[in-house]
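# below are the sequence and a predicted model for it; my questions follow.
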Amino acid sequence: MDKYTIKGGKKLKGEVRVIGAKNAALKALVAACLTDKEVIIHNVPLISDFYVMIDIMKELGADVKLSGHTVKIQMKSFSQISIPLDKAVLARTSSMFIAPLLARSGEAIIPNPGGCRLGARPIDRTINGIKQMNVGITYHSEDGYFHAKTKGLIGTKYHFKKNTHTGTETLILAAVLAHGTTILENAAEEPEIDDIINLLNRMGANVARTGNRQITINGVDKLHGAEYTISPDRIEVATFAVAALVTGGDVFIKDANKTDISLFLERLRLTGAGIEEREDGIRFFSTGTLNAVDVTTGIHPGFLTDWQALWGVLMTQAKGMSIIHETVFEDKLGYIEDLQRMGAKVKLFRPVVKNPEKVYNFNLDDDNPENFHAVKISGPTALHNAVMTTLDIRAGAAVVLAALCAKGKSTIFGIEKLDRGYEEFEKRLQELGADIKRIKDE
């Protein structure tokens, strides 16, 4: 298990470039498998999840060539219909291969997806939608696989009970080669989905947003090759922005797209943080003070759940009391214990909610009384060093940022989870002046 050692107190200064969005790039790899022609994708993040997906594609029969941040993919035909379990447990997006496998082979054997454990994260909303497209699916509890077969995908009208990013994309991928028209209602609106829609349309698909949270897909006979560039990662933008602010620094984030982080910028301006928008990016700098600001996470265009832990660290350095209310996942405040360990003044609680079915995006049946959905944070607090273990990608990034502004030397174990979402995280922080070292497990 690799670890970070971090000596806090260094002000981060300089310039950093954000790479392509993880939540778009991994799905784009799956989209490339819908055609037997070559698909070229630029600005891909070289993260461990990306390499896992490439390994899965190679085992399925794809020819994959990676050069820098560009990948060329050609899936002439599938050599097998089953996703290897040892790879699938590492990346949640592995479940999405059900779409190209059904579209081109008529059969798919998909294991329950892995990835970060952020509560139950069921894929029932996806499976139910796929079933409506003339697909028979059974789950075999003895091996943990979904077995799916079809004599031909048929378009359908499907209403998602609750928002699902990956579910929306999976059904889009299944529908592009289906017979007839598919209409998805209460579909997710995240900008990463638009990346996938744009790529598919360049490949010859007919996909459009046709109404409020509605996507219409007119099936086509086949897709062709295409070339596409993945948009910058908006979670990385928030990560480096908060890193600059909690350390009292000054960082310019090249290629940051203000449109995709508009709500983050709106809440950040209320804190009094320094923000300078430029044509080629955004500069974030300390003004000497930060004011406490409440946030409630939500589906797009709401405050992104993956910004939540980062915001928690920011609020430990803000004057006053702030409240963070997590509504997307039922169990995503585990990092608060680490902040407590570092001296933060925080208090977890379950807020009184009149209509939880509408407020919370997770399945209420998956919740339990031990889960807290909100936290009160009082600041500013001088954090001190601690020994911590990474819970998930964003919680891990949060404790790294907390350690950067804390007094003393902190140690963070389990940083392989960070490798799943951030390319060369420690090296990019080092270039901004951070005293952070990666210690390899021997």
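Yep, it's here.
# next, the residue of the chain most remote from its centre: phi, psi?
Of all residues in the chain, residue 151 sits farthest from the chain's C-alpha centroid, using CA atoms, centre = their mean; the distance is 33.3 Å. Per-residue torsions, residue 151: phi -90, psi 10 (degrees, to the nearest 10).
# tell me where the stretch 51-200 of the chain has helices.
85-88, 98-105, 124-131, 165-175, 191-202 (DSSP state H, counting those that start in this stretch).
# please name every helix or strand in contact with the second one.
Read that as helix 98-105. If you count contacts as 3 or more CB pairs under 8 Å, 6 or more residues apart in numbering; DSSP states H and E, helix 98-105 packs onto helix 22-32, strand 107-111, helix 124-131, strand 145-150, helix 165-175. For the C-beta atoms, the positions are set from N, CA and C on the backbone; glycine is no exception.
# go with 10 Å
With contacts defined as 3 or more CB pairs under 10 Å, 6 or more residues apart in numbering; DSSP states H and E, the packing partners of helix 98-105 are helix 22-32, helix 48-60, strand 107-111, helix 124-131, strand 135-140, strand 145-150, helix 165-175.
# one step back: of the helices of the stretch 51-200 of the chain, flag the one that's most buried.
A comparison of these by mean neighbour count, using mean count of other CB atoms under 10 Å, puts helix 165-175 on top with a mean of 26.
# tabulate the helices and strands packed on helix 98-105 (CSV), appending distance to residue 99 and mean pLDDT.
Formatted as CSV, these follow (distance: least, CB to CB, whole Å; pLDDT from 0 to 100):
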stretch, distance to residue 99, mean pLDDT
helix 22-32, 7, 97
helix 48-60, 13, 96
strand 107-111, 8, 93
helix 124-131, 8, 91
strand 135-140, 10, 93
strand 145-150, 10, 94
helix 165-175, 4, 96
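# now tabulate these in JSON lines and tack on distance to residue 257.
Output for those, formatted as JSON lines (distance: least, CB to CB, whole Å):
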{"stretch": "helix 22-32", "distance to residue 257": "12"}
{"stretch": "helix 48-60", "distance to residue 257": "20"}
{"stretch": "strand 107-111", "distance to residue 257": "33"}
{"stretch": "helix 124-131", "distance to residue 257": "28"}
{"stretch": "strand 135-140", "distance to residue 257": "36"}
{"stretch": "strand 145-150", "distance to residue 257": "36"}
{"stretch": "helix 165-175", "distance to residue 257": "18"}
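# residue 247 is nearest to which of the ones you listed?
Taking CB to CB, helix 22-32 is the member of the helices and strands packed on helix 98-105 nearest to residue 247, at 24.0 Å.
# how far away from the center of its chain is that closest one?
12 Å (CA atoms, centre = their mean, to the nearest Å).
# next helix or strand past it?
The first helix or strand that comes after helix 22-32 along the chain, using DSSP states H and E, is strand 39-42.
# can you list contacts of that following strand?
20, 24-25, 28-29, 31-33, 65, 68-75, 195, 199, 202-203, 223-230 (CB atoms under 10 Å, 6 or more residues apart in numbering).
# go again using 7 Å as the cut-off
For strand 39-42, contacts defined as CB atoms under 7 Å, 6 or more residues apart in numbering pick out 28, 32, 69-73, 203, 225-230.
# from the residues you listed, which land in strands?
Applying DSSP state E to the contacts of strand 39-42, the entries found in strands are 70, 71, 72, 73, 226, 227, 228, 229.
# restrict the helix or strand of the chain with the lowest mean pLDDT to CA atoms and write it as PDB.
Ranking every helix and strand in the chain by mean pLDDT, DSSP states H and E puts helix 85-88 at the bottom, with a mean of 84. Extracted in PDB, the C-alpha atoms of helix 85-88 (Å, rounded to 0.1, in the frame of the first residue of the first chain):
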ATOM      1  CA  LEU A  85     -14.400 -10.100 -12.800                       C
ATOM      2  CA  ASP A  86     -10.900  -9.200 -11.600                       C
ATOM      3  CA  LYS A  87     -11.000  -6.100 -13.800                       C
ATOM      4  CA  ALA A  88     -14.700  -5.200 -13.400                       C
END
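# so which elements touch it?
Helices and strands touching helix 85-88, by 3 or more CB pairs under 7 Å, 6 or more residues apart in numbering; DSSP states H and E, are helix 48-60.
# got the buried residues for the helix it packs on?
Buried positions in helix 48-60, judged by neighbour count with 16 or more other CB atoms under 10 Å: 48, 49, 50, 51, 52, 53, 54, 55, 56, 57, 60.
# likewise stretch 425-435?
Per 16+ other CB under 10 Å, stretch 425-435 contains these buried residues: 425, 426, 428, 429, 432, 433, 434.
# and for stretch 215-235?
Buried residues in stretch 215-235, counted by 16+ other CB under 10 Å: 215-220, 223, 225-226, 228-235.
# equivalent analysis for stretch 366-377, please.
Residues of stretch 366-377 classed as buried: 367, 371, 372, 373, 374, 375, 376, 377 (neighbour count, 16+ other CB under 10 Å).
# pull the residues that contact that stretch.
Under the criterion CB under 7 Å, 6+ apart, residues 119-120, 122, 312, 315-316, 321-326, 330-331, 333, 336, 344-351 lie in contact with stretch 366-377.
# try it again at 8 Å.
Contacts to stretch 366-377, defined as CB atoms under 8 Å, 6 or more residues apart in numbering, come from residues 119-120, 122, 292, 312, 315-316, 318, 321-327, 330-331, 333, 336, 344-351, 360.
# before we move on, back to that, ok, so of the ones in strands among the contacts of strand 39-42, who is nearest residue 440?
For those, the nearest to residue 440 is residue 71 (26.8 Å; CB to CB).
# rewinding a little: okay but the residue farthest from the centre of the chain is in contact with residue 134, surely?
Yes. Using CB atoms under 8 Å, residue 151 is in contact with residue 134, at 7.0 Å.
# test my guess that residue 346 contacts residue 335.
No. Applying CB under 8 Å, one finds residue 346 not in contact with residue 335, separated by 10.1 Å.
# how close does residue 64 sit to residue 39?
The gap separating residue 64 from residue 39 is 10 Å, by CB to CB, to the nearest Å.
# what residues are shared contacts of these two?
Joint contacts of residue 64 and residue 39 (CB under 8 Å, 6+ apart) are 72, 73.
# who has more neighbours out of those two?
The neighbour count for residue 64 versus residue 39, taken as other CB atoms under 10 Å, is higher for residue 39 (25 against 16).
# so what's that one bridging to?
residue 73, residue 226 (DSSP bridges).
# and residue 222, which of the three is it?
With DSSP: H, G, I helix; E, B strand; the rest coil as the basis, residue 222 sits in coil.
# so it makes contact with residue 176?
No. Using CB under 8 Å, residue 222 makes no contact with residue 176, being 9.9 Å away.
# coming back round to it: list just the nearest of the ones in strands among the contacts of strand 39-42 to residue 146.
Lowest distance from residue 146 to the ones in strands among the contacts of strand 39-42 (CB to CB) belongs to residue 73, with 24.0 Å.
# could you check how far that closest one is from residue 104?
Distance from residue 73 to residue 104, by CB to CB: 14 Å.
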